[in-house]
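1. Return a 3D structure for these sequence lines:
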Amino acid sequence: MNRTFWFFHPISIFIFSILALGASLFLYIYWYIEVSTGLKAVVKRFNLQAGQVLEPQTWLVILVLSILVGMILLGIFTIFVYNQKTLQLYRLQHNFINNFTHELKTPVTSMKLFLETFLRHELTPKEREKYIDYMLQDVSRLSENISRILNLAKLEAKSYEGEFISTDLPEMCSHFVKDNRRLFSGCEIKIYNDSKKQLLCAVDRPLFEMLLMNLITNAIKYNSSEIPEIRISFASSNGKIVIRFTDNGIGLDKKESKKIFRKFYQIGRPMKMTTKGSGLGLYLVQSIARIHKGKIIADSPGTGKGSTFTLTLPF
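-> Purely as a prediction, here's the structure:
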C-alpha cells in the first residue's frame, strides 16, 4: 500500500470514523460530568434547590444518546462489511471476465490461424486431417465454455427442469469415459466398484455428465505429470453412495480446499503451468451435487501430491 495515501484506504477511514464517533460521545459525557460537578458545588454553596438547576432526566438522555450512537456504529459497520463484500465480488467478476475472455479468444484465434493455413497453403490429406482435428478440439473447448455459462444461468435461476432416473452410476461412468475417450487422450482413467454390485441413484443424466466432465477435465488440466492419472472409485456406506475422484495433479493447500467451490474462485498455479480456467467448473459441480441432494468435498495431502474429490449421494 502507498505510504502517502494509506489513510484513504476504506479500512483506515472506517477505523477513524469509529474512533471519532466514540471520542465525541466520550467528550460529551465527560463535559456533562464536569459541568454537573460544578453545578452541584454552586447548589450546595448557595443553598439552592437541585431540581431548579439539575434536570433528573439528563442521565436518561445520555443513555438514549449512547444507544443511538451504538446503532450508528452498527450501521457503519454493516455498510463497511457490505462494501467490502461488494468490492470482493467486483474483483472476482473482473478476474472472471479477464480469464473467460482468454478462454473464448484462444480457440477462436487458433481456428482462424488454421483456416488461414488452409487458404494459403496446399496441404496433404494427412495434414488436413490433423488441422481439422485441432479445429474440432477448439470448437469443443469453445462449446464447453459457452455451455458452462448457459447451464450456470439455468441453475441459478432455478429454471432447469431435468428428468431424474434411477441409474447404475459405475456403469454410467464407464460408458461416459469410453464415449469421451478422445477428450481424455494422453491420460489414464481407472474405474473401480468396491461394492461389486449395482449402485443405483436417481440422477439427471445431462447434469451428472456435466459434473463428471468438470471433475475429470480439472484433474487433467491442473496436472504437471507426464501421464495424468485419475482413479474413480465407487463404494456404499451408511445408505450413501460414495464416489472418490483421485488424481496425481498439482494438489491443494488445506486453505484452498473449501474456497475452490466458490464462484469465480481460482487457485494459484505453478510457474510452468499456463492453464487458465473460468472459475466456474467446481462451482457447477457443487451446485449439481446439491441438486441431487448430495455433497462434495476436496482433500489433498499437500501441494504437488494430488487431490481427492469425494462425492456423496443418496441411494
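
2. quick one: the helix or strand where Met172 lies to chain centroid distance?
-> Element membership for Met172, per DSSP states H and E: helix 169-179. Centroid displacement of helix 169-179 relative to its chain, using C-alpha atoms, centre = their mean, to the nearest Å, is 28 Å.

3. How about residues contacting that helix?
-> By C-beta atoms under 8 Å, 6 or more residues apart in numbering, the surrounding residues in contact with helix 169-179 are 184, 189, 191, 193, 198-201, 203, 205, 208-209, 212, 216, 232, 234, 241, 243, 313. From N, CA and C alone the C-beta is placed, and that goes for glycine too.

4. From one end of stretch 169-189 to the other, what's the distance?
-> 16 Å (C-alpha to C-alpha, to the nearest Å).

5. buried residues in that stretch?
-> 169-170, 172-173, 176-177, 180, 183-184, 187, 189 (16 or more other C-beta atoms under 10 Å).

6. Stretch 203-217 too?
-> In stretch 203-217, counting by 16+ other C-beta under 10 Å, buried: 203-204, 207-217.

7. As TSV, those residues with secondary structure and pLDDT would be great.
-> What follows is the buried residues of stretch 203-217, written out as TSV (DSSP: H, G, I helix; E, B strand; the rest coil; pLDDT from 0 to 100):
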residue	secondary structure	pLDDT
Val203	strand	88
Asp204	strand	85
Leu207	helix	81
Phe208	helix	87
Glu209	helix	85
Met210	helix	82
Leu211	helix	87
Leu212	helix	89
Met213	helix	86
Asn214	helix	84
Leu215	helix	89
Ile216	helix	89
Thr217	helix	86
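
8. okay if I get the residues you listed as a markdown table plus distance to Val69?
-> Below are the buried residues of stretch 203-217 laid out as a markdown table (distance: C-beta to C-beta, whole Å):
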| residue | distance to Val69 |
| --- | --- |
| Val203 | 56 |
| Asp204 | 54 |
| Leu207 | 52 |
| Phe208 | 55 |
| Glu209 | 58 |
| Met210 | 53 |
| Leu211 | 52 |
| Leu212 | 56 |
| Met213 | 56 |
| Asn214 | 51 |
| Leu215 | 52 |
| Ile216 | 57 |
| Thr217 | 55 |
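
9. Let me see the backbone angles for the residue nearest the centre of the chain.
-> By C-alpha atoms, centre = their mean, the mean C-alpha position of the chain lies nearest to Arg262, the distance being 1.3 Å. When read as degrees, to the nearest 10, the backbone of Arg262 gives phi -80, psi 150.

10. The host helix or strand of Ile220 - contacts with which helices or strands?
-> Taking DSSP H and E as the definition, Ile220 sits inside helix 205-221. Packing partners of helix 205-221 (3 or more C-beta pairs under 8 Å, 6 or more residues apart in numbering; DSSP states H and E): helix 125-156, strand 164-168, helix 169-179, strand 229-237, strand 240-247, helix 281-291.

11. The ones you listed: lowest mean pLDDT?
-> Among those, helix 125-156 carries the lowest mean pLDDT, a mean of 76.

12. Can you pull the domain assignment for this protein?
-> Domain ranges of the chain: 6-90, 99-156, 164-314, per automatic domain parsing.

13. deepest of those, which one?
-> domain 164-314 (a mean of 17; mean count of other C-beta atoms under 10 Å).

14. before we move on, back to that, Lys221: which of the helices and strands packed on helix 205-221 is closest?
-> Nearest to Lys221 among the helices and strands packed on helix 205-221 is helix 281-291 (8.8 Å), distances taken as C-beta to C-beta.
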